[in-house]
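just need the structure, nothing else, for what follows:
(3 chains)
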Amino acid sequence: MLDISNRPSSPHFDAPQLVTTPPLLRATGLHKRYGRIEAVVDVNVEAYAGEVVGIVGESGSGKSTVLRLLNLEDTPDSGTYTLDLPGMADQDLYALDRFARRTIQIMNIGVVYQNPHLGLRMRFTSSGNVAERLLIAGERSFATLRQAARESLATSEFPLDRMDDPPRVLSGGMQQRVQLAKALALKPALLLLDEPTTGLDVSVQALVLDTLKQLQRERHMTIVLVSHDLGVIRTLADRVMVMRHGRVVEQGLTDQILEDPQNAYTQQLVHAKL
Amino acid sequence: MTLQELAQPRQDYSYAFMDAYAKRELRRRILKAIAIPGYQVPYASRELPIARGWGTGGLQVSLSLVGPESVVKVIDQGADDSVNAANLRRFIVRMSGAQTTTDTTKATILQSRHRIPEEIMGEGQALVLQVPDPEPLRGVTADMSKAAQLHADMDYGQMWLLLYEQLVRYRQYIQGASYPSLVNRRYVISPSPIPRWDTPKLHQAAHLTLLSAGREKRLYAVPPYTDVQPLEFSDVPFQIENQQGWVCQTTGIENKFMNELPQADGTSQYELSDSGYAEKLASTGTTDATYYDDQGHFYHAGYLKPPVLPTL
Amino acid sequence: MYVATRGGEEAIQHAEQLYKAMIGKLTRENIQVIQQQLPYLLDKVMGEGSLYAPELAALALAQTGGDVYEAVLLLRAYRSTQPRIAYAAPISPDNVLTVRRISASFKDIPGGQILGPTLDYSHRLLRLDVLDGLSEDDTAAVEADTPASPTYPAVADWLRSQNLLSPVEMQQIDPVAIPDVTTDAVLFPAPRAHRLQALARADTGGVLALGYASMRGYGLIHPTVNELRLGHAEVEMTHPLTGVPFSAGRVRVSQGEVITSGEKNGYQLGFAATLGWNEIKLIAASTLDLEMNNREPHPAHSEEFVMYHTESVEASGFCIHFKLPHYVTFASSMDSVRKVISTFYSSEAPATPSSDLETIRQVQP
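Down below sits the predicted model:
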């Protein structure tokens, strides 16, 4: 039986210090083409433990494809991907077979999609959606499943008296919280967020972002966040990569990029949005 | 030389009805199924003079195994005399010249629809179960190709999720017969529409169990001495049907699977479902060893556990 | 009682006796009449039965009192027990004695529009004079001065020469190596041979229902019947010792194709063929052949859905199997239902389950 209570948490940071550990996530030379469209061209992504990396760009920039590749949903035409975790430190995940990739994805990566229909089973209970992750990982105690679902939903600031409501009857913001709870169910090292608040009412967006910030601070989660919304990037991301037509055109500290963009496209983006 | 001279004299039927090529193919598929316990082996199912859905899958297996020395028992819902069982038995005998019996312990091939008999079957016996729907993941996806992928990935998460939802909604598993079970810790199967009472009999059995769906064209096997576990959460045990206190009106015994017979006054009477067992009891006063003893204890101690009402 | 009494076998025999009394004596003469006067019914049964044997098809129909599904099952079952002697040579349309050939794509085509024997343009009126014994023998057909050609050029070839239809590559393949849906395990995506064979022997009603749904607008197809042919084909075999080809007889065959536009490179063609003459099946099946290349979500787009559910013997058999006793599974289900009721509706525990949740099904019925 799987015991997830003793899973190692991310390393703890005090005041900023020189980082001597290798990055948790390192993807290099990612190329992905769909038919004639080059969705991703020579993209590198790095994220250190406890850091939030934002990927910003307009639709068609390739940012969602990058996220799918990082979520091991798809394999690139070329490129490597390593996660610095026990047992797989130097292993290129794309070189593994689909079964091994799936296992690693379940145990170590959580994902929240913009469209809750992609990430949730709308007609099952919300608690069941969360429990499914544990079930796939092999948990077989009903009491443990209930407890883990409660904890995860509570962490996502979802009201527990509605834990058995199906997502179908919940508001958009609540649905995203269920997605978040599901993503966190196995206490993964890496969280991937694809436009997590896009489409929500502004006030609801703020609440969900608050939860994410809180979470990130308390648990020092490593997050890769995709958004076209610079406000969201500014709120959450430590570093940001700007993508356009499948390529990274600029990257750096969030404040730097948003206050003083060097690349012409980034400038356009920043001035248009803020 | 004419076509007439070249071909063999016209026979109305091949031995055991199916042509030699078909029998050979079936046997090879059966061997593959035994080699991979619980795996659904696709096969080219032949039509037989019995409608699809009426046991052609089980029949194809029985016809591939039968020989003149075989001893065949056929039951439906536990009864040898049910019209469907009688029909199938007549056909097998007519096509093979095998002998028949109603005694479970004497059959070399026991074809059954929806029941496993009460007396323990031994090594060298083959139980052939008729399967309408071989796919336990039918509730998860209707698409056979998708289901095959899930089995290949051992991805049973959605299946477990269905059971979780049942507990949340009903506080118990609501599956009646056809209770999904894990074979050899690898493949989840539908054990065919046998009642939950019968599902434990598959676990570490001395006999070979073959399950075949003619219309859906899949067959699978539980080899002797193989682990079979009905899907259950570790803290909410699987339950067989509650027939406590049901006394057979003919034989007076309890703790064997009963048919419920509605009475005109709104009450129920009960009788043994396993007619061969009832017959033996009536004629000799005793039977061979049974899976459940007279007090209703299953012969593998500790396999069945008392019910737990889960808290939410 | 219906079940579980001694004499189950006796009950069957009596039931069969009642049936025989109902339909009356079977004679060679009756069967010959069926064979002679009901060729389309025979063709339906032989096509779905995957067995070309007119006399046996007529017998099957007589024996089952005209129950087509039962007759098809009889032929299929008989087929299962016959030894396979050889594979005949594949039939080429150029070698089929074609008696009817029409195209809806053009008013006139090379070789002409040949109506052949058809009731297409007749008035659908019951010939009551026959029942009154007043009809005359009107079966004489006048021979034409010039005989019609036995073969016709393909309309599709003309379209290809105009680059309106993509060319076809003829595969050289040993007949023995062609996938055979009756002896291979069928998995998806299916090889084209399996698909076409499945359609050839599919239930006409099932194919019609799904084809009609496509034509009505659920699908993308607005089909034009490019060509429809009815004819007689030689069953050509090779003598196993001398290697000389010879004809083992003739069978009625028919084929049809529909075309539809939708791609940038011209028309797409859907094809169907079957033993016997069955025009409804050809048009609907060739439409489905095209539809099955599309993506979901419509059932007619799914090869798996179409092939599974247009299988006559399986569909009808499974449908009627629900007549069989199911009392053990029902007993098990009653146990579950009773337990749930007692959990939620007993006097101690009046709680009701949430109605927001969909009905939770059992994992299997």
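
from here on, just use CA atoms for contacts and neighbour counts.
OK.

any residues of chain A in contact with chain C? List them.
A:123-125, A:165-166, A:169 (CA under 8 Å from any CA of the partner chain).

quick one, what contacts residue C:335?
B:176, B:241-242 (CA atoms under 8 Å, 6 or more residues apart in numbering or on different chains).

mind redoing it with 6 Å?
The neighbours of residue C:335, taking CA atoms under 6 Å, 6 or more residues apart in numbering or on different chains as the test, are residue B:241.

with just CA atoms, put the strand or helix carrying it into CSV.
Here residue C:335, judged by DSSP states H and E, is contained in helix C:327-345. The C-alpha trace of helix C:327-345 is given here as CSV (Å, rounded to 0.1, in the frame of the first residue of the first chain):
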residue,chain,number,x,y,z
TYR,C,327,-33.1,-15.2,-11.9
VAL,C,328,-29.7,-15.7,-10.2
THR,C,329,-28.4,-12.3,-11.3
PHE,C,330,-31.7,-10.9,-10.4
ALA,C,331,-31.4,-12.5,-6.9
SER,C,332,-28.1,-10.9,-6.5
SER,C,333,-29.4,-7.5,-7.6
MET,C,334,-32.4,-7.8,-5.2
ASP,C,335,-29.9,-8.4,-2.4
SER,C,336,-28.1,-5.1,-3.2
VAL,C,337,-31.3,-3.2,-3.6
ARG,C,338,-32.7,-4.5,-0.3
LYS,C,339,-29.5,-3.6,1.5
VAL,C,340,-29.4,-0.1,0.2
ILE,C,341,-33.1,0.4,1.1
SER,C,342,-32.5,-0.8,4.6
THR,C,343,-29.5,1.5,5.0
PHE,C,344,-31.3,4.6,3.9
TYR,C,345,-35.0,4.0,4.4
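
what about residue C:47, which helix or strand?
helix C:39-49.

returning to that earlier point: what comes up buried for the helix holding residue C:335?
Under the neighbour-count criterion of 16 or more other CA atoms under 10 Å in any protein chain shown, helix C:327-345 has C:328-333, C:335-336, C:339-340, C:343-344 buried.

now do stretch B:291-301
Using 16+ other CA under 10 Å as the test for burial, stretch B:291-301 gives B:291-292, B:298-299.

tabulate the residues you listed in a markdown table, adding columns for secondary structure and pLDDT.
Shown next, in a markdown table, are the buried residues of stretch B:291-301 (DSSP: H, G, I helix; E, B strand; the rest coil; pLDDT from 0 to 100):
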| residue | secondary structure | pLDDT |
| --- | --- | --- |
| B:291 | coil | 97 |
| B:292 | strand | 97 |
| B:298 | strand | 97 |
| B:299 | coil | 97 |
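
and the host helix or strand of residue C:271 with helix C:39-49, angle?
Per DSSP H and E: residue C:271 is located in strand C:266-275. Following axes from the mean of the first three to the mean of the last three CA atoms, to 10 degrees, one obtains 100 degrees for the angle between strand C:266-275 and helix C:39-49.

other SSEs contacting the helix or strand following strand C:266-275?
Downstream of strand C:266-275, the next assigned helix or strand under DSSP H and E is helix C:279-291. Helix C:279-291 sits against helix C:204-213, strand C:266-275, with contacts defined as 3 or more CA pairs under 6 Å, 6 or more residues apart in numbering or on different chains; DSSP states H and E.

export the first one to CSV, keeping only CA atoms.
Written as CSV, here are the backbone C-alpha positions of helix C:204-213 (Å, rounded to 0.1, in the frame of the first residue of the first chain):
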residue,chain,number,x,y,z
THR,C,204,-29.6,-4.7,-43.8
GLY,C,205,-31.8,-2.9,-41.3
GLY,C,206,-29.0,-1.9,-39.1
VAL,C,207,-26.9,-0.6,-42.0
LEU,C,208,-29.9,1.3,-43.2
ALA,C,209,-30.6,2.9,-39.9
LEU,C,210,-27.1,4.2,-39.5
GLY,C,211,-26.8,5.1,-43.2
TYR,C,212,-30.0,7.0,-43.1
ALA,C,213,-28.9,9.0,-40.0
